[in-house]
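Asker: my questions concern the predicted model and sequence given below.
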Amino acid sequence: MGIYSERIFPWLLDKALGHPRIEARRAALVGQAAGDVLEIGFGSGATLRFYDPAKVTRLTVVEPSEGMNRRAASRLAASPVPLRSVPGAGERLPFDDACFDTVVTCLTLCSVSDVRKVLSEIRRVLRPGGQFLFLEHVLSEDAGMRRWQGRLNPVQKVVGVGCNLDRDSAAMVRAAGFSLRPVAQEIEPAFGAVARLTPLIAGAAVRPG
Ligand SMILES: C[S@@+](CC[C@H](N)C(=O)[O-])C[C@H]1O[C@@H](n2cnc3c(N)ncnc32)[C@H](O)[C@@H]1O
């Protein structure tokens, strides 16, 4: 792995996504998690402090990047909930069927290699009635912006270490068999110049029984 993806990018990401507005979104997302929880694409552990020990019995995190895991290490000791970090990636989760109450992704579906496989794995490891909570930046509803997302995607994939601007994540969540209420796109001013290229959605999809 290169020095950019393993050293510089994890540092950059913490700076770029450490804005109080993004932290508030993380808190709102993770505050809904309950029971035995899995977070995929844990990154440097920016969500960790928002898990509620009154609701979460155990948190399992999966993060394939060694650079991210190195940055997360210092946060793990201060976890508010019992935690285990398991090597792996979202496309092949090393867990039994139906063993989690909640699965969380925070700005991760944009970066995985195969979204459909990851969603199928999330569905497999969630118990019936379990919740998949996500906060993701997605393909814009605006046709002009969609064209820009397509043009800029090759650059974004390099700069963002595999991050894509043009994923219609809500549609893919529904296509994977989850039940999901309509989700509104929001432009997040904290993203500055790229805010309109990175509209956010947050949702709670349910694995049908
Ligand atoms: C934009 S970062 C977000 C990190 C963190 N969730 C946050 O909110 O700061 C995307 C994360 O997804 C991870 N990732 C990339 N491919 C993955 C995969 N196939 N399975 C699980 N995580 C993956 C990356 O290593 C990175 O840590």
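Answerer: Done, it's in. Note that this is a predicted model, so its numbers are computed, not measured.

Asker: show the pLDDT at residue 1.
Answerer: Residue 1 is assigned 58 on the pLDDT scale.

Asker: and for residue 35?
Answerer: For residue 35, the predicted pLDDT is 98.

Asker: for the residue found closest to it once you drop the neighbours it is linked to in the chain, which three-state class applies?
Answerer: By the measure of C-beta to C-beta, 6 or more residues apart in numbering, the closest residue to residue 35 outside its immediate chain neighbours is residue 101, 2.9 Å from it. C-beta coordinates here come from the backbone N, C-alpha and C atoms, glycine included. At residue 101 the chain is in strand, as set by DSSP: H, G, I helix; E, B strand; the rest coil.

Asker: who touches the helix or strand containing residue 149?
Answerer: Here residue 149 sits within helix 143-159, counting by DSSP states H and E. Under the contact criterion C-beta atoms under 8 Å, 6 or more residues apart in numbering, helix 143-159 has outside partners 139, 140, 163, 164, 165, 166, 196, 197, 199.

Asker: most neighbours among those, which one is it?
Answerer: Taking other C-beta atoms under 10 Å as the neighbour criterion, residue 165 ranks highest of the contacts of helix 143-159 with 26 neighbours.

Asker: which ones are touching that residue?
Answerer: Going by C-beta under 8 Å, 6+ apart, residue 165 touches 110, 137, 139, 149, 152, 153, 156, 197, 198.

Asker: buried subset of the residues you listed, written for PyMOL?
Answerer: Only the buried members of these enter the following PyMOL selection, criterion being 16 or more other C-beta atoms under 10 Å:
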select buried, resi 110+137+139+149+153+156+197+198
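
Asker: residue 131 and residue 203, how far apart?
Answerer: Using C-beta to C-beta, to the nearest Å, one gets 10 Å for the distance from residue 131 to residue 203.

Asker: let me fix that: residue 75
Answerer: Distance, residue 75 to residue 203, by C-beta to C-beta: 26 Å.

Asker: neighbour count: those two, which is higher?
Answerer: Neighbour count, other C-beta under 10 Å: between residue 75 and residue 203, residue 203 has more, with 20 against 16.

Asker: for this structure, which residues are neighbours of the ligand?
Answerer: Within the chain, the positions adjacent to the ligand are 13, 17, 40-41, 43, 46-47, 62-65, 68, 89-91, 106-108, 111-113, 162-163 by C-beta under 6 Å from any ligand atom.

Asker: go again with 8 Å.
Answerer: Contact residues, the chain versus the ligand (C-beta under 8 Å from any ligand atom): 10, 13-14, 17, 22, 26, 39-47, 62-65, 68, 88-91, 105-108, 110-114, 118, 135, 160-163.
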